[in-house]
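Peer 1: Fold the following, please.
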Amino acid sequence: MKLLVTGGAGFIGSAFIRFLLRLTEFRGRILNVDKLTYAANLDNLKGVSDHPRYRFIQADINQTSLIEKLLEEEEIDAIVHFAAETHVDRSIASAEPFLEANVRGTMSLLEAVRKNPHVHFHHISTDEVYGSLGESGHFTELSPYRPNSPYSATKAASDHLVRAYAHTYNLSTTLSHCSNNYGPGQFPEKFIPLMITNCLLQKPLPIYGRGANVRDWLYVEDHAEAIWTILKKGKKGQTYDIGGNCELANRDLLQCLIEIVSSELNVEPDRFFNLVRYVTDRPGHDFRYAIDSAKMKRELGWEPRWTLDRGLKKTVQWYLKKAPSPLKSLSV
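Peer 2: Residues are numbered from 1 along each chain as shown. Coordinates of the predicted model:
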């Protein structure tokens with residue numbers, strides 16, 4: 001299989017590329033197309049950048065003619081579309097970049113596939129398109145769309161474009177919604193890497209509202225394996241929801257992180273607990289997300305392998321290893 005991966009220098013895309021290139025059963029080639037915006041990091045691909053079956057091209061996915069040319073010249077079998085603007089706070093401050101990347105970018109790729117209909121298109125989406133849950137219940141593939149932020153609205157729009165193009169032009173597509181990803185290499189604007197980084201910098205640990213908002217956490221390697229499973233076994237036109245079975249309120253997650261960081265540095269947890277600051281809540285903040293991955297398990301045989309404790313520990317250890325030496329002096 002010859003894959004074109006969009007956004008492959010980002011957190012999840014790079015994890016997917018690394019996962020495939022060390023997987024014995026994957027004998028294909030990967031073409032990574034990434035614009036290299038602020039959250040992209042080619043260091044995440046250092047271990048595979050010289051791999052004989054990997055190639056990187058810096059380009060904007062809105063260059064439809066270039067994508068068409070690559071599909072033809074590289075004899076691409078499938079596109080795996082990660083490229084997106086994803087940070088809710090940034091979308092609240094300015095929605096335009098999200099419209100450009102998430103909606104127009106997806107349409108650009110679909111236009112390229114429309115002219116190359118033998119290419120399968122897998123679209124990576126988010127559980128946030130479903131809106132917010134109360135104290136109980138789970139999102140499923142049949143949940144109605146109720147996006148509540150500019151970010152989730154643009155992802156919902158891109159989902160609808162994928163379905164519309166598949167129906168109108170008879171394209172081969174699959175679509176997946178994932179819960180909150182975490183793991184090594186994530187850009188430190190997201191909750192988990194931000195809290196770890198601020199602990200090391202002895203900076204305040206800001207948490208929205210009362211910290212009661214609940215998220216389902218998915219280790220990024222589990223997500224990579226799930227996507228590969230869909231590419232191998234998924235049915236054309238189907239949607240699959242990918243969750244981590246790890247629900248936790250933000251304040252409880254922060255407590256777990258503090259305990260792991262303090263243990264790894266051999267310092268008292270109070271050093272970090274004293275940095276916690278409850279701040280004004282985000283506008284329109286969704287209360288709870290939770291995904292039911294039963295379809296993934298029932299039809300494709302996939303379920304997450306990583307527990308939250310194991311995943312968080314590996315993530316913290318990665319950030320500690322990457323931290324400049326002055327930060328590590330906390331343990332002295």
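Peer 1: any idea which element the residue nearest to Asp159 when sequence neighbours are not counted lies in?
Peer 2: Nearest-residue entry for Asp159: Ser125, 5.3 Å, with adjacent residues in sequence omitted and distances by CB to CB, 6 or more residues apart in numbering. C-beta: built from backbone N, CA, C; applies to glycine. Following DSSP states H and E, one finds Ser125 within strand 120-126.
Peer 1: Name the residues that touch the helix or strand following that strand?
Peer 2: The element immediately downstream of strand 120-126 (helix or strand, assigned by DSSP H and E) is helix 150-169. For helix 150-169, the external contacting residues (CB atoms under 8 Å, 6 or more residues apart in numbering) are 84-88, 90-92, 95, 98-99, 101-103, 105-107, 110, 113-114, 117, 121, 123, 125-126, 128-129, 131, 145, 147, 171-173, 175, 237.
Peer 1: Narrow these to those that are buried.
Peer 2: Neighbour counting over the contacts of helix 150-169 (16 or more other CB atoms under 10 Å) leaves 84-86, 88, 90-91, 95, 98-99, 101-103, 105-107, 110, 113-114, 121, 123, 125-126, 128-129, 131, 147, 171, 173, 175 as the buried ones.
Peer 1: Just to be sure, which of the residues you listed are found in helices?
Peer 2: Applying DSSP state H to the buried ones among the contacts of helix 150-169, the entries found in helices are Val88, Arg90, Ser91, Phe98, Gly105, Thr106, Met107, Leu110, Val113, Arg114.
Peer 1: between these, which is nearest Asn181?
Peer 2: Val88 (14.0 Å; CB to CB).
Peer 1: residues contacting that closest one?
Peer 2: With CB under 8 Å, 6+ apart, Val88 has these contacts: Glu128, Ser149, Tyr151, Ser152, Arg282.
Peer 1: change it to 6 Å
Peer 2: Ser149, Tyr151 (CB atoms under 6 Å, 6 or more residues apart in numbering).
Peer 1: Cross-check the contact I'm expecting between Gln186 and Ile12.
Peer 2: No. Gln186 is beyond contact range of Ile12, at 8.7 Å (criterion: CB atoms under 6 Å).
Peer 1: And the helices in the chain?
Peer 2: Using DSSP H, the helices found in the chain span residues 11-21, 64-73, 88-93, 96-98, 105-114, 150-169, 191-201, 220-233, 250-265, 270-273, 294-300, 308-322, 325-328.
Peer 1: Any chance of TSV for the ones you listed, columns mean pLDDT?
Peer 2: Converted to TSV, those look like this (pLDDT from 0 to 100):
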stretch	mean pLDDT
helix 11-21	98
helix 64-73	98
helix 88-93	96
helix 96-98	97
helix 105-114	98
helix 150-169	98
helix 191-201	96
helix 220-233	98
helix 250-265	97
helix 270-273	96
helix 294-300	98
helix 308-322	95
helix 325-328	50
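Peer 1: can you tell which of the ones you listed is closest to Gly137?
Peer 2: Short answer: helix 294-300, nearest of those by CB to CB, at 13.6 Å.
Peer 1: Pull out the buried positions in the closest one.
Peer 2: Neighbour-count burial for helix 294-300 [16+ other CB under 10 Å]: Lys295, Met296, Leu300.
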